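Participant: sequence first, predicted model second:
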Amino acid sequence: MRTPELPLQVDDLVLSQWDRGYDVPLVQQASRDRFIAQMCSIPIDCDVEAARDWIYRRTTERNYCSLVIFDAQLERRVGEVALHGHSDEVTANLYYWLLPSARGRGLARRACRLLCRWALTQTPLAAVSAFASQRNIASVRVLQQLGFHRVGQIPDFAGYPDRRDTFGYCLFQPPG
Ligand SMILES: CC(C)(COP(=O)(O)OP(=O)(O)OC[C@H]1O[C@@H](n2cnc3c(N)ncnc32)[C@H](O)[C@@H]1OP(=O)(O)O)[C@@H](O)C(=O)NCCC(=O)NCCS
């Protein structure tokens, strides 16, 4: 994936590059949330070295465009928004998470909007895809608010029996 010119910014939200030293505590905190850890392949409750390794992989794997979400209101780095795919393919998959302390203020929606708008206007991608469990109401709302279309149910999400209510979503137009 390509990476946008950074920082990408709107109001009190900034998307920037990972820092392999500074962002270790952020990844360690995220690793204590089992769902985020599984979704992003962070070892559960990881130590400093594992967090540093994860950031290294995230920033060097060519198929990721992964950015840190900085919340200017809290003056903290609080989450990740990422695309996974190849810029020359038709779609890339969207990932997003926030530490619990940063949730409930529409930050994820705004971060995803910034990255999706860049992807659908500045790269050859024709669509951005995403997957969300119907139990994950906040995530589904984020996708709905950005204009994602629900395109179908995943019959067996990577073999996880607790994810049978996962649907695929697609965004074809840059979000307004
Ligand atoms: C998904 C996530 C990124 C959303 O972040 P957020 O910016 O805090 O989202 P919000 O709290 O603003 O919620 C978005 C919407 O869902 C609604 N919502 C959230 N929890 C809800 C609940 N339990 N019941 C009903 N609505 C709920 C909010 O009211 C908001 O809707 P609105 O904008 O119409 O008011 C965050 O919850 C998170 O990091 N979750 C763990 C990781 C994850 O699930 N990532 C996505 C994987 S598919």
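Facilitator: Cool, got the structure. None of these values were measured; they are calculated from a predicted model. Numbering: from 1, shown residues only.
Participant: for the chain, what helix or strand is lowest in average pLDDT?
Facilitator: Ranked by mean pLDDT, DSSP states H and E, the weakest helix or strand in the chain is helix 34-40, scoring a mean of 90.
Participant: for the closest residue in space to residue 43 that isn't next to it in sequence, report the pLDDT, please.
Facilitator: Nearest residue to residue 43, sequence neighbours excluded (C-beta to C-beta, 6 or more residues apart in numbering): residue 50, at 4.9 Å. The C-beta positions use only the backbone N, C-alpha and C, and glycine is treated the same way. Reading off the confidence values, residue 50 has pLDDT 97.
Participant: mind checking the SS state of residue 46?
Facilitator: coil (DSSP: H, G, I helix; E, B strand; the rest coil).
Participant: how near is it to the ligand?
Facilitator: Distance of residue 46 to the ligand, computed by C-beta to the nearest ligand atom, to the nearest Å: 17 Å.
Participant: and the pLDDT for that residue?
Facilitator: The model's pLDDT for residue 46 equals 97.
Participant: give me the number of residues near it?
Facilitator: A count of nearby residues for residue 46, using other C-beta atoms under 10 Å, gives 19.
Participant: who are the contact partners of it?
Facilitator: Residues near residue 46 by C-beta atoms under 8 Å, 6 or more residues apart in numbering: 27-28, 31, 37, 54.
Participant: rounded mean pLDDT for the strand ranked longest in the chain, please.
Facilitator: Counting by DSSP state E, the longest strand found in the chain is strand 76-85. What strand 76-85 shows for mean pLDDT is 97.
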